[in-house]
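Participant: Got a predicted model here, sequence first, then my questions.
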Amino acid sequence: MSSLRLLHLTFAGIDRERAQVVFDPRLTVIYGASDTGKSFVTEAIDYMLGARKLSLIPEAEGYSQILLGIELSGGDVITLMRGPQASRINVFNEDLRDLIFRAPDLELTVSTRGSRNVSRYLLERIGLDGALIATNDTGGTKLLGFRDLLHLCLVSETRMVSKTPPVLRSTGTSGQTASKSVLKLLLSGQGEPAVDARPTASQRRVHKGKIGLLDELVLDLQRQLDPQGGNESDLAEQLRRLLAHQDTAAVSLRNVTARHADAVADRAGLSVNLGQYEQRLAEVDDLLGRFGLLRSQYRSDLERLAMVNEAGSLLGYFRTGACVFCGASPEHQTAGHDAQETTALRLSVNAESAKTQQLLSDLHLTIEDLQMQRDEIAEQRDASRAQAEETDRAIARIEQDLQPLESEASEVMSARSRVEKELGLHQRIQELEDVRAGLVADGAVPGGRPTGSVPSGSVAEFDRAIERTLEAWQVRLHGVAYDQYTAELFVGDRARASHGKGMRAVLHAAFAVSLAGYCLDKEHSHPGFVILDSPLVTYRQPGVRRTDDEDLPDSVIDYFYRDLFRRFTGQAVVVENGDPPADIVQQAQVYMFSRDPHDHRFGFFPVTSGSSPPTGA
């Protein structure tokens, strides 16, 4: 019996600190905060084992090689190397964990066509190369692909909680027979027999019609391709250059936009200052106007008092009768009465004049002070106005610099959309050609009998293996049974799909672990590892209430990790949010991804000095 063991996943690039996770032979746990790249590790392993594409995260920028170290059953070690957007995988017959500059020992394609592909290579290493699986109920068969096995041992977070049975790859009816046949192969250790018979006339007509339709679809897609666009490799290189140019242009655009925003903010502040200066000048001018009127009034009062002072002494000499000063009749007037009254008037006028003169003097000082304030405010206003004009000119210059950058960014985005569309067309053509190749293969090895089912004894033994796994995890369920006709897993009378997300995830994890353990114990071929993404994140043990301490794990979580570490005979990789038990942290290979770059490690990719932590991986 042959199997594989994962050694490490490494991202390497020039002038980039190596990003790496080393896998324990028994159990590796990657846990921590969300959006720190945990699931990206699972996706990268899937990509290195033949997935068509990898959705890169911003932190992967600059990494040109992805390395996956694998130990074969005989003890030999190989390293798979693939570029982030490459359609080929290079094989090196040694354990390499940094940038590789030498030629590979073997070059494989991701496509399933031909014999030099990664699927055939990996199947040969686990002893399943050439195995056949059923494609329909009339006996049609095809060669097993490594991707047909991988979905049973590498379970993504989405599939973990999906209502789709663990055996099936999708909810559609297409491919269900093949998925069931893969499980039959693993449980029984034998694939479908090859039948040397030619296809019937009816089968040939059906295949011919399907192939003709696929040819028309491919031809229609090829018509949509740009004749000047180049092949898929050229387009991938164009996209890489466009993305690099877009990043550079984005930096320039952000810098100029930041300068523009700063200048606009400065101009807004100057506008506020100018408004305040104008308001203050208006207030000072209003006060100066009022004080000017008051000054005129004081001067007028002084002039009138001087006139009274000059004319008062003459009034008594040109008129007889009652005194013009005090109103006394002649008989009551004494000698020199007019002189006495004239002197009193003069004294009074002089006193009033002195008082008014003092007020006018104080007013002059106030007006002079206000005028100085006005001159100072006017000077500040003029300086701000000149600064505002200079800022306006700076904004105009920045906008001139901004316009070509925005145009360039728009052009790059349009070019990127065009290239991505072309690549999408190429990918769709490749998918249709793969389906066409599968139809040709189905027609080449048709069957003449119904597809056999898994022996009931093997199914019953597999059911007991799942029950033992759930019991070891302290999940108190009874009557677990796999229905090979519906491909559903039943617990008692309830199908797995009828349970909540938490129980669906636990049952899916138990299915994958039990299947791997069953095959390894029976020495049937199996990849030898299970990778489980979020099997426990939504689970809560029945009857256990939440406590104030949300970090307190349920007993199922503890038993889950301990069973994988102590009883499971294969290799397990678990990606979770919550903390594993303390004893597992000490004994297994455990990575804690934190949001704080100073606490453990931020995520899969290192945080370089001077850079900000990633925001969404």
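Facilitator: Okay, I see it.
Participant: residues contacting L214?
Facilitator: Applying CB atoms under 8 Å, 6 or more residues apart in numbering to L214 gives the contacts L432, E433, V435, R436, L439. Yep, even glycine has a C-beta here, placed from its N, CA and C like the rest.
Participant: I367 versus that one, what's the distance?
Facilitator: Distance of L214 to I367, given as CB to CB, to the nearest Å: 98 Å.
Participant: Sitting in helices, which of the contacts of L214 do you find?
Facilitator: L432, E433, V435, R436, L439 (DSSP state H).
Participant: how about the fourth one, what does it touch?
Facilitator: Put plainly, it is R436. I211, L214, D215, V218.
Participant: Drop anything exposed from those.
Facilitator: I211, L214, V218 (16 or more other CB atoms under 10 Å).
Participant: out of those residues, who's nearest L143?
Facilitator: Ranked by distance to L143 (CB to CB), these are led by I211 at 18.1 Å.
Participant: What are the buried residues along the helix or strand hosting the closest one?
Facilitator: When elements are assigned from DSSP states H and E, I211 belongs to helix 201-224. For helix 201-224, burial by neighbour count (16+ other CB under 10 Å) applies to Q203, H207, K210, I211, L214, V218, L221.
Participant: what's the answer for stretch 414-425, then?
Facilitator: Quick answer for stretch 414-425 (16+ other CB under 10 Å): A415, R416, R418, V419, E422, L423, L425.
Participant: tally of neighbours for the closest residue to V308 other than its chain neighbours?
Facilitator: Sequence neighbours aside, V349 is the residue nearest to V308 in space, at 5.4 Å (criterion: CB to CB, 6 or more residues apart in numbering). Per other CB atoms under 10 Å, the neighbour tally for V349 reads 18.
Participant: what's the helix or strand hosting L108 packed up against?
Facilitator: Assigned by DSSP H and E, L108 belongs to strand 106-109. Using 3 or more CB pairs under 8 Å, 6 or more residues apart in numbering; DSSP states H and E as the contact definition, the elements that strand 106-109 packs against are strand 88-92, helix 118-125.
Participant: run the last query once more with 7 Å
Facilitator: Contacts defined by 3 or more CB pairs under 7 Å, 6 or more residues apart in numbering; DSSP states H and E place strand 106-109 against strand 88-92.
Participant: just the angle between the strand it packs on and helix 118-125, please?
Facilitator: 30 degrees (axes from the mean of the first three to the mean of the last three CA atoms, to 10 degrees).
Participant: Partner strands of strand 88-92, with direction?
Facilitator: strand 77-82 (antiparallel), strand 106-109 (antiparallel) (DSSP bridges).
Participant: So which of those strands is nearest Y47?
Facilitator: The nearest among the strands paired with strand 88-92, by CB to CB, is strand 77-82 at 7.2 Å.
Participant: Next, the buried residues of that closest one.
Facilitator: Residues of strand 77-82 classed as buried by neighbour count (16+ other CB under 10 Å): I78, T79, L80, M81, R82.
Participant: ok, the third one touching M48?
Facilitator: Meaning L80. Yes - under the criterion of CB atoms under 7 Å, L80 makes contact with M48 at 5.4 Å.
Participant: circling back to that earlier point, out of the buried residues of strand 77-82, which is nearest to Y277?
Facilitator: The nearest member of those to Y277, counting by CB to CB, is R82 at 66.4 Å.
Participant: which residues sit in contact with the closest residue in space to that closest one that isn't next to it in sequence?
Facilitator: The shortest distance from R82 to any non-neighbouring residue, by CB to CB, 6+ apart, is to I89 (4.7 Å). Counting by CB atoms under 7 Å, 6 or more residues apart in numbering, I89 touches L80, R82, L108, V110, V118.
Participant: Please name the bridge partners of the first one.
Facilitator: So the one you mean is L80. Beta bridges link L80 to L68, V91 when assigned by DSSP bridges.
Participant: Just the local confidence number for it, please.
Facilitator: pLDDT, the model's per-residue confidence, is 97 for L80.
Participant: Same question for S252.
Facilitator: Value for S252, per-residue pLDDT: 86.
Participant: which stretch of helix or strand covers it?
Facilitator: S252 is part of helix 232-315, with elements assigned from DSSP H and E.
Participant: Kindly report the same for S111.
Facilitator: Per DSSP H and E, there is no helix or strand for S111.
Participant: What is the neighbour count of it?
Facilitator: 18.
Participant: what residues are up against the residue lying closest to it once chain neighbours are set aside?
Facilitator: Closest residue to S111 apart from its sequence neighbours, by CB to CB, 6+ apart: N117 at 6.0 Å. Contacts of N117 were listed using CB under 7 Å, 6+ apart, and they are L108, T109, V110, S111.
Participant: What residue spans form the domains of the protein?
Facilitator: According to automatic domain parsing, the chain comprises the domains 1-126+569-607, 233-428.
Participant: for the last one, how far is the first residue from the last?
Facilitator: With CA to CA, to the nearest Å applied, domain 233-428 spans 15 Å between its terminal residues.
Participant: same question, stretch 215-234
Facilitator: Length of stretch 215-234, first residue to last, CA to CA: 24 Å.
Participant: Off-centre distance for it?
Facilitator: 32 Å (CA atoms, centre = their mean, to the nearest Å).
Participant: Of the buried residues of strand 77-82, which is the nearest to A33?
Facilitator: Comparing these against A33 with CB to CB picks out R82 as the nearest, at 28.2 Å.
Participant: Verify the contact between the closest one and M48 for me.
Facilitator: Yes - between R82 and M48 a contact is recorded at 5.9 Å, counting by CB under 7 Å.
Participant: Overlap in contacts, those two.
Facilitator: The contact sets of R82 and M48 overlap at I66 (CB under 7 Å, 6+ apart).
Participant: list the contacts for G229?
Facilitator: The contact partners of G229, taken as CB under 7 Å, 6+ apart, are L235, E422.
Participant: typo on my end, it should be L49
Facilitator: Contacts for L49 were tallied using CB under 7 Å, 6+ apart; they are F146, L150.
Participant: run the last query once more with 6 Å
Facilitator: L49 makes contacts with L150, as judged by CB atoms under 6 Å, 6 or more residues apart in numbering.
Participant: Could I get the full set of strands for the stretch 451-600 of the chain?
Facilitator: Using DSSP state E, counting those that start in this stretch, the strands of the stretch 451-600 of the chain run over 480-483, 488-491, 494-495, 529-533, 571-576, 589-593.
Participant: average pLDDT for the third one?
Facilitator: The reference is to strand 494-495. Averaging pLDDT along strand 494-495 gives 92.
Participant: go on, the fifth one?
Facilitator: Taken as a whole, strand 571-576 carries a mean pLDDT of 96.
Participant: on that earlier part again, pull out the buried members of the contacts of L214.
Facilitator: Among the contacts of L214, those classed as buried by 16+ other CB under 10 Å are L432, V435, R436, L439.
Participant: Out of these, which comes closest to R169?
Facilitator: Nearest to R169, judged by CB to CB, of the buried ones among the contacts of L214 is V435 at 14.6 Å.
Participant: which secondary structure element contains V167?
Facilitator: For V167, there is no host helix or strand (DSSP H and E).
Participant: Please name the residues that touch it.
Facilitator: Contacts of V167 by CB under 6 Å, 6+ apart are S179, L183, A487.
Participant: what's the distance between the closest residue to it other than its chain neighbours and L168?
Facilitator: Nearest residue to V167, sequence neighbours excluded (CB to CB, 6+ apart): A487, at 4.4 Å. To L168, A487 is 6 Å away according to CB to CB.
Participant: out of the two, which sits in the busier spot?
Facilitator: Between A487 and L168, L168 has the larger neighbour count (other CB under 10 Å), namely 21 against 17.
Participant: ok, the more buried one touching S179?
Facilitator: Yes - between L168 and S179 there is a contact under CB atoms under 6 Å: 4.9 Å.
Participant: follow-up on the earlier one: can you tell which of the strands paired with strand 88-92 is closest to H260?
Facilitator: That would be, of the strands paired with strand 88-92 and by CB to CB, strand 77-82, which comes in at 42.2 Å.
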